[in-house]
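# Coordinates for the following, if possible.
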Amino acid sequence: MAKHGVDVTVLEAHIYPGGCAGTFYHQGYRFDAGATLAGGFYTGGPMDLVAQAVGINAWPVRAANPAMVVHLPDGTAITRWADDRRWGERHRVFGQQAESFWHWQEQTANALWDLALRHPAWPPQTLAEGLQLARHGLSWLRADWRHRLRPHLLAEMFQPLAARLKPTHSNPNLKLLVDAQLLIAAQTTSAYANALYGASALDLPRRGVVHFAHGMGTIAETLVQAVRQHGGQVHYRQAVSRIRLEHQRPVAVETQRRQQTESFPADIVIANLPPWNIAPLLGDALPRSLQRLPHQPKDGWGAFMVYAGLNQTAVPEGFPLHHQVIVQEPLAEGNSLFLSLSPAWDDHRAPAGQRAMTLSTHTELTPWWQLFEHDRAAYEARKTMYVDRMLTAAERVIPKLRDAATLILPGTPVTFRRFTRRAWGWVGGFPQTHLFRAWGPKLGPGAFVDSY
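So this is what the prediction gives:
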């Protein structure tokens, strides 16, 4: 918007940009706060299109292949390659009977990503957006009608991905891998994830993963530079306290800073916030979608994190930087975790001779808040138990982890609430159980929200 001459002001509550995709500094380490896996930066991909749109010449990235290694409970390790080695690896682990599933997954993902990158409005909120979606859809069909005009594609719009796994259930490891990968990419498992969305989400490793110098926060920092380059303003330590409306339209955004209220005139407001954070800012003038909000996200996840500094001698040379470790089902709550290491080449991420590591697992929100509010000792005991559980699981990947650790810093949904301001510490967005789960961006005249 700044590039096209709009007077843009960005208000950031924290001292650095990025939120759950930010990078924070602690005792000489730069830890990625939440997200550690960066995808979509391939030529023609979503983040490449962002760069073209805002005038970023090149993202400061290094490609990573493999994208990750997935460790199953029986000791099987599956390397998720971005290139053709993925076929041999999947055949080695799952056998010939799984080939049909992977062919379906990749063909469906190709089709869905092609449609998504045409930028149709989804879900359409006006007649004009509906007509635009129809035009994009017809163009998409004409591009490859032999493969896309198929009856079961329509059925898959309303089916869970598990329906595509049934012929290959003879190999339980395949379903376990798919469920674990969907949990981190779609916030749910194959029994509930929409088949089309799930196929696209499973495509993340094939489409390539990259690493940013200085951590994930570099994405937001690069965007801040682009906003300022085009004449926009970015203000930190500006926590929004109110979106002031007149006749249902925004006229100003108010912030609270050092017990003082500041007001920024605005006729268009885009809130990069969860719905539970937006509702209090609008007061009584809530759109219908926000009036129907439950008390808290019913099926949304929080994250339990362990931020660790460790001696790099514990990490073998050439060791992949991302690992998913599955201990047992049900997944989450430390039974599955995602491990990310800072690259050895990035000497800004840790003191000399050290590496920064993050461990994360999905966790339910309610138990943490109940203990935090009513039994603080039990809250601390649960936190200690989760750290031990996570380190035990991670030692399957890095056996000498505890001996090598020089710093252990846990984080719960309460921590996320404190530092990212997200209500309940909710992260990851809504589980993608159906194609209409996403929110349309328009809340009302001149008021918009990021889609969740």
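
# quick one: contacts for the closest residue in space to residue 71 that isn't next to it in sequence?
Among residues not flanking residue 71 along the chain, residue 325 sits closest, at 4.8 Å (Cβ to Cβ, 6 or more residues apart in numbering). C-betas here are computed from N, CA, C, even on glycine. By Cβ atoms under 8 Å, 6 or more residues apart in numbering, the contact set of residue 325 is 71, 336-339, 393-394, 396-397.

# Let me have the residues you listed in CSV, adding pLDDT, secondary structure and neighbour count as columns.
What follows is the contacts of residue 325, written out as CSV (pLDDT from 0 to 100; DSSP: H, G, I helix; E, B strand; the rest coil; neighbours: other Cβ atoms under 10 Å):
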residue, pLDDT, secondary structure, neighbour count
71, 98, strand, 22
336, 97, strand, 26
337, 97, strand, 30
338, 97, strand, 22
339, 98, strand, 27
393, 97, helix, 21
394, 97, helix, 21
396, 95, coil, 17
397, 96, coil, 20
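
# Quick one: find the helix or strand in this structure with the lowest mean pLDDT.
Sorting the helices and strands of the chain by mean pLDDT, DSSP states H and E puts helix 145-148 at the bottom, at a mean of 73.

# Alpha carbons only: can I get that helix in PDB?
The C-alpha trace of helix 145-148 is given here as PDB (Å, rounded to 0.1, in the frame of the first residue of the first chain):
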ATOM      1  CA  TRP A 145      -9.000 -29.400 -17.800                       C
ATOM      2  CA  ARG A 146      -8.000 -33.100 -18.400                       C
ATOM      3  CA  HIS A 147      -6.700 -33.500 -14.800                       C
ATOM      4  CA  ARG A 148      -8.800 -30.900 -13.000                       C
END
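
# Pull out the buried residues from the helix or strand just after it.
Per DSSP states H and E, helix 145-148 leads on to helix 151-156 as the next helix or strand towards the C-terminus. Neighbour-count burial for helix 151-156 flags residue 156 (criterion: 16 or more other Cβ atoms under 10 Å).

# list the helices and strands helix 151-156 packs on?
Using 3 or more Cβ pairs under 8 Å, 6 or more residues apart in numbering; DSSP states H and E, the elements in contact with helix 151-156 are helix 99-116, helix 195-201.

# and it, how far from the chain's centre?
Here helix 151-156 is found 27 Å from its chain centre; the criterion is Cα atoms, centre = their mean, to the nearest Å.

# Can you tell me what sits against it?
108, 111, 163-164, 195-196.

# same question, stretch 126-146
By Cβ under 8 Å, 6+ apart, the surrounding residues in contact with stretch 126-146 are 111, 114-115, 118-122, 124, 148-149.

# for these, which one is nearest residue 441?
Nearest to residue 441 among these: residue 121, at 8.3 Å, using Cβ to Cβ.

# Now for the closest one, how many residues are close by?
Counted by other Cβ atoms under 10 Å, the residues lying close to residue 121 total 17.

# if I look at it, how far off is residue 171?
40 Å (Cβ to Cβ, to the nearest Å).

# With residue 397 instead?
Taken as Cβ to Cβ, the span from residue 397 to residue 171 is 23 Å.

# And the strands in the stretch 1-150 of the chain, which stretches?
9-11, 23-26, 29-32, 38-39, 61-64, 68-71, 77-80 (DSSP state E, counting those that start in this stretch).

# what's the closest of the contacts of residue 325 to residue 428?
Of all those, residue 338 has the smallest distance to residue 428: 11.8 Å, by Cβ to Cβ.

# Now name the helix or strand holding the residue nearest to residue 309 when sequence neighbours are not counted.
Closest residue to residue 309 apart from its sequence neighbours, by Cβ to Cβ, 6+ apart: residue 407 at 3.7 Å. According to DSSP H and E, residue 407 maps onto strand 405-411.

# Quick check: residue 44 touching residue 117?
Yes: assessed by Cβ atoms under 8 Å, residue 44 is found in contact with residue 117 at 7.1 Å.

# So between those two, which is more surrounded?
More neighbours surround residue 117 than the other of residue 44 and residue 117, with 14 against 10 (other Cβ under 10 Å).

# give the contact list for that one.
Counting by Cβ under 8 Å, 6+ apart, the residues that residue 117 touches are 44-46, 49.

# before we move on, back to that, tell me the most packed of the contacts of helix 151-156, by neighbour count.
residue 195 (25 neighbours).

# Check whether that one really touches residue 166, as I assumed.
No: the criterion here is Cβ under 8 Å, and residue 195 misses it with residue 166 at 11.8 Å.

# Now do the contacts for residue 264.
Applying Cβ under 8 Å, 6+ apart, we find residue 264 in contact with 9, 11, 252-255.

# Determine which two of those are furthest apart.
Farthest pair in the contacts of residue 264, by Cβ to Cβ: 9 and 254, 12.7 Å.

# residue ranges with poor pLDDT in the stretch 101-250 of the chain?
In the predicted model, the stretch 101-250 of the chain carries pLDDT under 70 at residues 167-170.

# ok, 80 please
Judged by pLDDT under 80, the stretch 101-250 of the chain has its weakly predicted residues at 145-155, 166-170.

# At which residues are the helices of it located?
Taking DSSP state H, counting those that start in this stretch as the test, the helices found in the stretch 101-250 of the chain are 127-143, 145-148, 151-156, 162-165, 172-186, 195-201, 204-207, 217-229.

# Likewise for the stretch 301-450 of the chain?
365-374, 376-394, 401-404, 413-420.
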